[in-house]
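S.K.: have a look at this fold, sequence not included:
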């Protein structure tokens, strides 16, 4: 069997199916393929070649209670020949410890690593030195459900390749490297591989690069290159581009030109090179104006380059100028505009970088033009006189344009004068940035009129919808007046005084409305004239044929709108009429048109003389009104039956009119009755009228009942086509034959059928044919509110029948018919019979179809359309048996089988230790066995499978490592899941770390432990409130691993603290002080309290018992931050002296307790001597006692001082170590001492004082 190379792999699509077993998901991949058509003589080899590709699958099947998940994929080497057996893939912990590694399949680079425990891992590719892969590693958080490995997705590593280096140089200075040049690497097909920037020496590099052909492209914003790209071939190592391949040939030279500080673009610039200097600038000499250099002989006569500035920035650019000395001169190609520019020329030197010309060019003089218009973008004003700063300098042409010659940038006042027009002065700022002036618009148009009177009168002009009013006075004698008004509508009236009103002077019309529409207005006349208006009416036949007639006279304002009341005049029998005492002005004369037709029923006249005549009103017919629900064609003829019978004349000629939906009015020439006939795509109500009369005063109603709907069928073949018409409520329907038309459409025959449907009526049309396919298969036609010429279309095409077979005959093979380009169409499935035959159809021949055959242990070629058959082949199998070193069958072993064409399959042995890889194609396969804690002999094997063969393989596994089992629970015995448990060996065994994660029931298993080594088993702990475990009991357990599993290594996990309980005892000296206190808890650095509350007083404030008040704060986070508690009081500081207690603590313990005292002292008032006589008597008595009984006084004073000392000592001994002031309630004064002192004082008061002379 010849295997296709990697570059000819077929594209594969994988369908994922998930099976639930226990508590884990096992994932199986089932393949589908797109096959290509091959000649019949190569069918057999095609079958064998496709066999390997059809069996692409990754299967993890349940074998034992320990289902094995894993991470797998491919190490790919697209477009390169590499020995993939040298590449390994390893599974590491996040700390970098290697858990397991495996080799790649040498045939297709497939690898698979089993993962036994949930947790975080790093999957790394381990290639030989110098090889580059992408990605180098992949982080995986393995949870058994949502990660890429648990979902069975491939984790692939793609070989990237080698490197390309090179250097960019300057032309004429190869020792200097070109820095900051952008270098791009492009593949031969045009796709971009990478991009970089050259360093200070001009060096660049690309890595990693796959072997192949590439193009290196260089680019710089202001530099130009001799060759901007270089082709390079990468074979089997790093590639260096030869020196001189990428050279900078020229640079950008740029400068600016301004006018009055603004960018200027109406100028060009010429570049001249120095005499004798060889220059190869990029600009073409064909576009350079031939302007000789006569001013500076140090430079060439003919220019080298030409550039024009950007109109937005004023910058000009010479591209690709080589190193050297140059001259830049301005040049003007437009002779219509005159400019003056400074300086006349600039010299510059180009080195190893672009040059910015420091000295800007400035334009100091120019010409500017403008226009005079009646309105914005409106008509021009010709022959207008233009003044600049009061001096007339120009006259506008027929287009309203004018030009100001040779002016400087600055601010000017422009004034315009023209006949019958008025303009405002314009102050403008002109510059070279825009050599034009704003349009000058007319600000006022001349408006003139006349007041027919010998005296002068005031005329008021008011703008509509405005408060603006203008008054002008007419000239005495002529009565003429004029003024200037801006565009708009105005009301004009003559203002008369009270005396004029009293004398009967009133001008007519009272007001006139005029509109100034960008042109002068005249002819506004006010007078006291009264006129007579006459006219006539001409009827068909006699005057009586018009009936009762009256002519209406309606006054109009200047805008043509009706004003005042209309006046009617009766028409005489002779057809004449007249109006008397009509004031001058505009009027509209009209006759009624409701039942009669006229050449014109209205006439507008302007009365200026004493007698005015109105053109005659001529009748042309009689009006007929028809109200139609839809459009239709109506034919009508005059009904003169009696006259025809008497004279034998022919009937009158029939005429037609097209009715539209709604009211239709038309004229007939004769009075009387007419016959009418309706036609069109509608069917009308049976009660519809068949005649009408001119004498009728009510419109004739025409209502459509149903409307025509046309259904068309376009068919490939000329047949008899019928449709079954099923109406709502009718289950059977009727067959209707379609009518063949003479037309053709889309290359087919056209059939049609008309259906008249009422609005909302619905019919279902089902086309009938045994050999044709219809699209759509049925139609639902719903009647609308109008006709539908083509309601919808059907298309009939010849159906396609597909008959096929399998060769040799295979019974019950599944044949699937797919529609790859029509995802909305469901696939069709058929089974082969005993002769291997199958059939599909009829189907639409325009659809792209795809046939596939499948059956377990068989592989089929692509469907051969020439023979209408599949070529089938029964495949071979590999049976693998795994035993331990004692000869017992070994369950739970992961067997990975891979082959060419990206074939891979992973299966786990069951209790019998046997796996069957069936339905294999002849090829070479790579078999590898893996199970944690076991080593297999041989570890891997290359198996050659011949056609139709069954290969038996036996592998022996020896257990070399063992496990520790245990459980993790909380203090109350509940399981503690999702906690990492690790085992670390001692130094003699290399301090190797193995770990596992506890399951939902708290059980864990640490695998891969070496016999004879001692391990410290402990819970991985953390810090802070978010840690899973704070500590364990015991902290760790020492376990020596023997040649068997160790069980019941159990630990108790303690959850971390999350909150702190805060309690404070507040002690006041008196119960009545508690109600004045408030306590607050603050976080350090915050002005807002975390919690604050008032101190509740005791239930009996007058009680002498005072144990203090306990305050329990809400729990605060265990965050290690500092907090502060303090008291506040509303007790008056004028009456009491006190200090407020406070305490600070850190939230790093489970609880905190403190006591805060509050001991206010009453302030003593300092009274005057005369305040109380009693106080003075007591004081005098005390002084007298001390004076006369000094010995007794000193004895009592000593006793009191001793007692005070005793009390003070007791208070000091009882003081709390917190340093806070506390109330001394434990001291006791002897009552006998107090009684002795009181009796002595009372005796002294009773004694009489000896008088001393």
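M.R.: Perfect, thanks for sending it. Note that the structure is a prediction, hence the values are computed from the model and not measured. Residues are numbered from 1 along each chain as shown.

S.K.: make it CA atoms for all contacts and neighbour counts henceforth
M.R.: Fine.

S.K.: for residue 721, give its distance to residue 734.
M.R.: Relative to residue 734, residue 721 is positioned 14 Å away (C-alpha to C-alpha, to the nearest Å).

S.K.: brain fart, residue 350
M.R.: According to C-alpha to C-alpha, residue 350 stands 95 Å off from residue 734.

S.K.: more neighbours, those two?
M.R.: Neighbours per residue, other C-alpha atoms under 10 Å: of residue 350 and residue 734, the larger number sits with residue 350, 18 against 14.

S.K.: mind listing the strands in the stretch 1001-1150 of the chain by residue range?
M.R.: For the stretch 1001-1150 of the chain, the strands defined by DSSP state E, counting those that start in this stretch occupy 1003-1009, 1014-1019, 1031-1033, 1036-1040, 1051-1054, 1059-1068, 1077-1083, 1089-1094, 1109-1112, 1116-1117, 1122-1129, 1136-1137, 1142-1146.

S.K.: residue 914: which of those is closest?
M.R.: strand 1003-1009 (23.9 Å; C-alpha to C-alpha).

S.K.: neighbouring contacts of the closest one?
M.R.: For strand 1003-1009, contacts defined as C-alpha atoms under 8 Å, 6 or more residues apart in numbering pick out 932-933, 961-968, 975, 977, 981-983, 994-998, 1041.

S.K.: still on that earlier bit, next, format the strands of the stretch 1001-1150 of the chain as JSON lines and append mean pLDDT, mean neighbour count and distance to residue 840.
M.R.: JSON lines is the format used below for these (pLDDT from 0 to 100; neighbours: other C-alpha atoms under 10 Å; distance: least, C-alpha to C-alpha, whole Å):
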{"stretch": "strand 1003-1009", "mean pLDDT": "92", "mean neighbour count": "22", "distance to residue 840": "57"}
{"stretch": "strand 1014-1019", "mean pLDDT": "94", "mean neighbour count": "23", "distance to residue 840": "66"}
{"stretch": "strand 1031-1033", "mean pLDDT": "88", "mean neighbour count": "18", "distance to residue 840": "71"}
{"stretch": "strand 1036-1040", "mean pLDDT": "94", "mean neighbour count": "15", "distance to residue 840": "70"}
{"stretch": "strand 1051-1054", "mean pLDDT": "91", "mean neighbour count": "21", "distance to residue 840": "68"}
{"stretch": "strand 1059-1068", "mean pLDDT": "92", "mean neighbour count": "18", "distance to residue 840": "74"}
{"stretch": "strand 1077-1083", "mean pLDDT": "94", "mean neighbour count": "19", "distance to residue 840": "81"}
{"stretch": "strand 1089-1094", "mean pLDDT": "92", "mean neighbour count": "14", "distance to residue 840": "79"}
{"stretch": "strand 1109-1112", "mean pLDDT": "92", "mean neighbour count": "16", "distance to residue 840": "84"}
{"stretch": "strand 1116-1117", "mean pLDDT": "90", "mean neighbour count": "16", "distance to residue 840": "73"}
{"stretch": "strand 1122-1129", "mean pLDDT": "94", "mean neighbour count": "18", "distance to residue 840": "82"}
{"stretch": "strand 1136-1137", "mean pLDDT": "91", "mean neighbour count": "13", "distance to residue 840": "108"}
{"stretch": "strand 1142-1146", "mean pLDDT": "94", "mean neighbour count": "16", "distance to residue 840": "83"}
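
S.K.: quick one: closest of the ones you listed to residue 398.
M.R.: The nearest among those, by C-alpha to C-alpha, is strand 1089-1094 at 84.7 Å.

S.K.: residue 1126 touches residue 1141, doesn't it?
M.R.: Yes. The criterion here is C-alpha atoms under 8 Å, and residue 1126 meets it with residue 1141 at 6.1 Å.

S.K.: quick one: contacts for the residue nearest to residue 265 when sequence neighbours are not counted?
M.R.: Setting aside the residues directly before and after it, residue 265 is nearest to residue 311 in space (C-alpha to C-alpha, 6 or more residues apart in numbering), at 4.7 Å. Neighbouring residues of residue 311 by C-alpha under 8 Å, 6+ apart: 263, 264, 265.

S.K.: before we move on, what about residue 525?
M.R.: 449, 450, 451, 452.

S.K.: looking at those, state which has the most neighbours.
M.R.: Going by other C-alpha under 10 Å, residue 451 tops the contacts of residue 525 with 28 neighbours.

S.K.: got a pLDDT number for that residue?
M.R.: Per-residue pLDDT puts residue 451 at 90.
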